[in-house]
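Participant: Following is a predicted model, sequence given first.
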Amino acid sequence: MADGVAPADIDQATRDARGLTYPHPVPPGFGEAIAVAPGVLWMRLSMPIALNHINVYAVEDGDGWALIDTGLNIPDSRDRWEAMLTGPLGGRPVTRVICTHMHPDHIGLAGWLCERTGAPLVMTRVEYVTARMLLADTGQPAPEAGAVHYRAAGWDEAQIETYRREFGQFGRAVSPMPVGYVRMREGDRLSIGGQDWQVLVGEGHSPEHACLWRESDGVVLGGDQILPRISSNVSVWPTEPDADPLGDWLDSLARMKGVLPHDGLILPSHGEPFHGVHTRLDALIRGHEVSLKRLEKTLRTPKRAVDVFGALFARAVGDGVRGMATGEAIAHLNYLLHRGRVSRVRDADGVDWWTMIEGGEAA
């Protein structure tokens with residue numbers, strides 16, 4: 001294969017039931033790195049949550065390394081970076097810190113790494129600005145608009161009070177961001193180690209998520225845009241309650257299928273590197289289409305956002321994921337609303353009731 005791995009070799013790769021091939025099924029351990037493509041090292045950091053890891057990458061850049069994503073701002077991740085910088089990265093300089101998007105597991109140590117190494121931060125503009133905005137919320141009281149949003153979704157007063165108490169915690173997992181950055185945008189070509197990496201922007205999971213594609217051998221630093229085993233959260237948040245992120249997400253997946261080669265090597269932020277991107281993109285799109293059809297059946301009678309969890313999620317929704325589950329439920333409801341498939345009525349208690357209507361664009 002063009003990327004230098006042989007996924008068909010049974011000794012080097014495993015294939016799962018969904019048609020994806022994993023050339024490196026065993027992840028790197030503490031302070032270790034695995035060469036997954038020419039000039040590209042795969043490393044892994046732990047996270048103290050249900051999604052217990054994030055993959056980070058180093059790409060050779062002259063006599064140094066460009067780092068891709070950073071992990072959470074927690075002591076364990078800083079210790080692992082120290083071990084990697086002096087171990088498999090050989091103490092060579094860091095030329096830049098590239099963050100795919102602004103979620104804490106991706107930018108949590110961006111400021112720390114930039115300060116420690118002197119390297120510039122590279123991000124898309126909307127992701128950088130959004131991160132700075134969320135950091136500004138640290139320690140601030142929750143806005144009443146947020147309470148209105150979650151009351152409309154069907155949260156009770158105790159759950160809304162939890163939202164108020166936990167508001168502004170973004171900064172707990174993110175070190176102070178650099179006050180300046182280098183912008184990348186859709187279509188840009190970043191020269192890393194003398195080779196071009198094209199920037200492909202996806203929307204929906206975050207506002208301007210950047211993937212990097214090395215066209216010469218089909219290697220893709222996919223971030224959270226293309227994950228092998230789980231579907232990225234696509235949510236509506238109180239800051240933009242009428243948004244249609246699911247529409248943006250599905251459009252982005254379709255666009256990437258039209259651009260990326262099927263036999264390329266996808267380097268995701270969670271899970272293991274894999275081949276078979278068209279198969280995976282089709283599965284991600286199909287999964288949401290099935291969810292939308294189940295949702296439409298559920299909405300034959302009026303429902304609140306919290307009432308449709310069973311149509312969208314395979315497991316019960318507990319306190320720890322209620323915010324993301326609610327955001328994803330509203331994303332699916334807004335998708336249908338924007339296409340004239342459902343109506344939304346707010347009652348005297350400030351609760352939204354959603355109902356399927358005839359006609360409109362098919363989901």
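Facilitator: Sure thing, it's come through. Numbers count the residues shown, from 1 in each chain.
Participant: Settle this for me: S235 is touching M324, isn't it.
Facilitator: Yes. In this structure S235 lies within contact range of M324 using Cβ atoms under 8 Å: 6.0 Å. All C-beta spots, glycine's among them, are computed from the backbone N, C-alpha and C.
Participant: okay, those two: which has more neighbours?
Facilitator: S235 (20 against 14; other Cβ atoms under 10 Å).
Participant: and that one, how far is that from I330?
Facilitator: 7 Å (Cβ to Cβ, to the nearest Å).
Participant: Check G71 too.
Facilitator: Counting by Cβ to Cβ, the separation of G71 from I330 is 29 Å.
Participant: Equivalent analysis for R294, please.
Facilitator: Separation of R294 from I330 (Cβ to Cβ): 16 Å.
Participant: between the two, who's got more neighbours?
Facilitator: It is I330, of R294 and I330, that has more neighbours when counted by other Cβ under 10 Å, with 27 against 15.
Participant: residues contacting that one?
Facilitator: Going by Cβ atoms under 8 Å, 6 or more residues apart in numbering, I330 touches 153, 235-236, 241, 305.
Participant: cutoff 6 Å now
Facilitator: Residues in contact with I330 (Cβ atoms under 6 Å, 6 or more residues apart in numbering) are 236, 305.
Participant: pLDDT value on it, please?
Facilitator: On pLDDT, I330 comes in at 98.
Participant: do you know how far it is from R172?
Facilitator: 25 Å.
Participant: What count of nearby residues applies to the residue lying closest to V94 once chain neighbours are set aside?
Facilitator: Of all residues not flanking V94 in the chain, T117 sits nearest, at 3.8 Å (Cβ to Cβ, 6 or more residues apart in numbering). Counted by other Cβ under 10 Å, the residues lying close to T117 total 18.
Participant: Distance check, T117 against T162.
Facilitator: In terms of Cβ to Cβ, T117 sits 38 Å off from T162.
Participant: Could you report the neighbour count for R255?
Facilitator: Neighbour number of R255 under other Cβ under 10 Å is 15.
Participant: repeat for C99
Facilitator: The burial count for C99: 28, using other Cβ under 10 Å.
Participant: Need phi/psi at the spatially most central residue of the chain.
Facilitator: Closest to where the C-alpha atoms of the chain average out (Cα atoms, centre = their mean) is D224, at 3.4 Å. Taking degrees, to the nearest 10, you get phi -90, psi 0 for the backbone angles of D224.
Participant: Which residue, other than its chain neighbours, is closest to it?
Facilitator: In space, D224 is closest to S232, 4.7 Å off (Cβ to Cβ, 6+ apart).
Participant: Show me what L67 bridges to in the sheet.
Facilitator: Assessed by DSSP bridges, L67 has beta-bridge partners A58, V97.
Participant: Next, the contact list for I192, please.
Facilitator: With Cβ under 6 Å, 6+ apart, I192 has these contacts: 59, 61, 66.
Participant: Please tell me I have it right and the second one contacts T95.
Facilitator: Yep, that's D61 we're talking about. Yes. Between D61 and T95 there is a contact under Cβ atoms under 6 Å: 4.4 Å.
Participant: what touches both of those two?
Facilitator: With Cβ under 6 Å, 6+ apart as the test, D61 and T95 reach no residue in common.
Participant: Point me to the helix or strand that includes the nearest residue to F313 once chain neighbours are set aside.
Facilitator: Distance criterion Cβ to Cβ, 6+ apart; nearest residue to F313, sequence neighbours excluded, is A325 at 6.3 Å. Using DSSP states H and E, A325 maps to helix 322-338.
Participant: now the helices for this protein?
Facilitator: Using DSSP state H, the helices found in the chain span residues 75-86, 104-107, 110-117, 125-136, 144-153, 157-166, 245-257, 277-298, 309-312, 322-338.
Participant: out of the ones you listed, deepest packed?
Facilitator: helix 104-107 (a mean of 26; mean count of other Cβ atoms under 10 Å).
Participant: Check the average confidence over that helix, would you?
Facilitator: On average, helix 104-107 scores 98.
Participant: cool, stretch 277-297 as well?
Facilitator: Stretch 277-297 comes out at a mean pLDDT of 97.
Participant: which residues are in contact with that stretch?
Facilitator: Here stretch 277-297 has contacts from 19, 231, 250, 253, 257, 260, 262, 264, 266, 308, 311-312, 332, 356, 363, using Cβ under 6 Å, 6+ apart.
Participant: between these, which is nearest V36?
Facilitator: Checking these against V36 by Cβ to Cβ gives I266 as the nearest, at 10.4 Å.
Participant: Dig out what that closest one forms beta bridges with.
Facilitator: V220, F274.
Participant: Contacts only, for it.
Facilitator: 220, 222, 226, 274, 277.
Participant: switch the cut-off to 8 Å
Facilitator: Contacts of I266 by Cβ under 8 Å, 6+ apart are 220, 222, 226, 228, 273-275, 277, 280.
Participant: which residues of the stretch 1-150 of the chain score low on pLDDT?
Facilitator: Flagging of the stretch 1-150 of the chain using pLDDT under 70 yields the residue ranges 1-13, 15, 17.
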